[in-house]
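Enquirer: Below is the structure, and that's it, no one-letter string:
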């Protein structure tokens, strides 16, 4: 049922604005998901190391781990912070632009912490 509802966006000329909002919020959520995945792997790696589980023991062992998890978490954190950079340029600031780029940055920790 979620696919027929965006079809109603064609009714108005504001459909591009709504679609841009939706795209920005979903993209920021995806970036935050990948940050959480990287951090989860870092803690998983530390737990396996603390319990004495050797890296080649599991059936699959990723290359360049855990360093790639550190790199991806750092890069994606910088990416999500700079995601709405264009809204801060002189003359480009809008509340809707700021809201769509940084809503998930505020909502994700709130939903995680409860």
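Expert: On my side now, so go ahead. All of these numbers come straight from a predicted model, not from anything done at the bench.
Enquirer: What are the buried residues along the strand or helix carrying residue 31?
Expert: Applying DSSP states H and E as the criterion places residue 31 in helix 15-50. Judged by neighbour count (16 or more other Cβ atoms under 10 Å), helix 15-50 contains these buried residues: 21, 24, 25, 28, 31, 32, 35, 38, 41, 42, 45. The C-beta positions use only the backbone N, C-alpha and C, and glycine is treated the same way.
Enquirer: closest to residue 88 among those residues?
Expert: Nearest to residue 88 among the buried residues of helix 15-50: residue 24, at 14.7 Å, using Cβ to Cβ.
Enquirer: what about the protein, any weak spots by pLDDT?
Expert: 1-10, 12-13 (pLDDT under 70).
Enquirer: repeat that for 50
Expert: For the chain, no stretch is flagged by pLDDT under 50.
Enquirer: Okay, and the closest residue to residue 39 other than its chain neighbours sits in which element?
Expert: Spatial nearest neighbour of residue 39, chain neighbours left out: residue 73 (5.7 Å); criterion: Cβ to Cβ, 6 or more residues apart in numbering. Residue 73 is part of helix 67-81, with elements assigned from DSSP H and E.
Enquirer: Next, the angle helix 15-50 makes with the helix or strand that that helix is followed by.
Expert: Scanning forward in sequence from helix 67-81 by DSSP H and E, the next helix or strand is helix 95-113. Angle, helix 95-113 to helix 15-50, by axes from the mean of the first three to the mean of the last three Cα atoms, to 10 degrees: 30 degrees.
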